[in-house]
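> got a sequence here, can you build the structure:
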Amino acid sequence: MRDILLYLVAVLIWGTTWFAITFQLGVVAIEWSLVYRFALATVVLFAICLGTGRELKFPRRAHLVFLGLGAFLFSSNYYFSYLGVAYITSGLVAVVFSTLPLMNIFNGRVFLKRRLEPPIVVASLVGIGGIALMFWPELGAGASNDKALLGMVIVLIATYLASLGNTIAGGRSASKLPVLSMSAWGMLYGTGFLTAASLLNGNPVVFETTKPYIFSLVYLSLFGTVIAFTSYLELIKRIGAERAGYISVAFPVVALAISTFFEGYQWSIPAALGMVLVLGGNVYILRTRQKKVEPRPA
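This next block holds a predicted model:
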């Protein structure tokens, strides 16, 4: 029951954050918007840890895990995600991000030496074909062809970076660390990376005082970062990175529904078929991995 609750919290929140990101684009540089988002989340998480007496002192090896999470899960992947939203609708960004479980499985094989099963390869190809169908109307829209293709590539980069962060979070070292403390330190390092990147790029320190920007920033920080990531990382510890990654199977449905109403996303027969293939391929992998349970030693 707790696993289901954690799953639903992350799906419903992350399914809406893609549209909230659109209010962060424009006046403020992407890096600074992310700095504000993760800085606020970091303060909240450290305050919770201090207020509840959670451990915050860790050995150097643990900080290597925190650095990895900060680099991949709490900075670089979000930079490319925000950049991708500038090129394609937020709903399509979420659909491309649904390749996360496939990348988690690939990285699990490469870095954690987990066995790669043929049905998973087939389902992965089905999912990739589904994404191609969903982007077919966008890629066939004449002048917007290059823009849609660039947006898709950017979000695929973001997804792979997020998968690297998932792999770190699902590793043996991270499994021994408390989720809230790990999130707090990871976000602190991520905020540092984003601040350094923004300063190196020469972006001026600007803050937008409009209500849409402030409200979306608070929502993304408190709900999209603190609550959703805490739920997700807890889920990784409970069921593993591969299965937890299937959150990305469900939130594109929420994101596309919002995109349809607020961004004018136009459905077509290829897009609908592509959505079925993307979800079907991912669900098939989930069912396959659920059935193949490794026996525990006596």
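
> pLDDT score for Ile285?
In this prediction, Ile285 carries a pLDDT score of 61.

> right, I mislabeled it, should have said Glu294
44.

> show the subsequent helix or strand relative to whichever strand or helix holds Tyr7.
Applying DSSP states H and E as the criterion places Tyr7 in helix 2-21. As assigned by DSSP H and E, the chain's next helix or strand after helix 2-21 is helix 30-51.

> for that next one, what is the distance to the chain centroid?
Relative to its parent chain, helix 30-51 has a centroid offset of 17 Å by C-alpha atoms, centre = their mean, to the nearest Å.

> for that helix, packing partners?
helix 77-85, helix 179-200, helix 211-218 (3 or more C-beta pairs under 8 Å, 6 or more residues apart in numbering; DSSP states H and E). Where you see a C-beta, it was placed from the backbone N, CA and C, and this is true even at glycine.

> reformat those helices as TSV; add mean neighbour count and mean pLDDT.
Converted to TSV, the helices and strands packed on helix 30-51 look like this (neighbours: other C-beta atoms under 10 Å; pLDDT from 0 to 100):
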stretch	mean neighbour count	mean pLDDT
helix 77-85	23	90
helix 179-200	22	95
helix 211-218	16	96
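
> would TSV of those with distance to Ala241 be doable?
Below are the helices and strands packed on helix 30-51 laid out as TSV (distance: least, C-beta to C-beta, whole Å):
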stretch	distance to Ala241
helix 77-85	14
helix 179-200	14
helix 211-218	28
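
> list the buried ones in the helix or strand hosting Val65?
In the assignment (DSSP H and E), Val65 maps to helix 60-71. Going by neighbour count (16 or more other C-beta atoms under 10 Å), the buried part of helix 60-71 is 62, 65-71.

> so where's the stretch 51-200 of the chain shaky on pLDDT?
For the stretch 51-200 of the chain, residues meeting the criterion pLDDT under 70 lie at 116-117, 120-121, 124, 135, 137-145.

> change it to 90
82-152, 166-167, 169-176 (pLDDT under 90).
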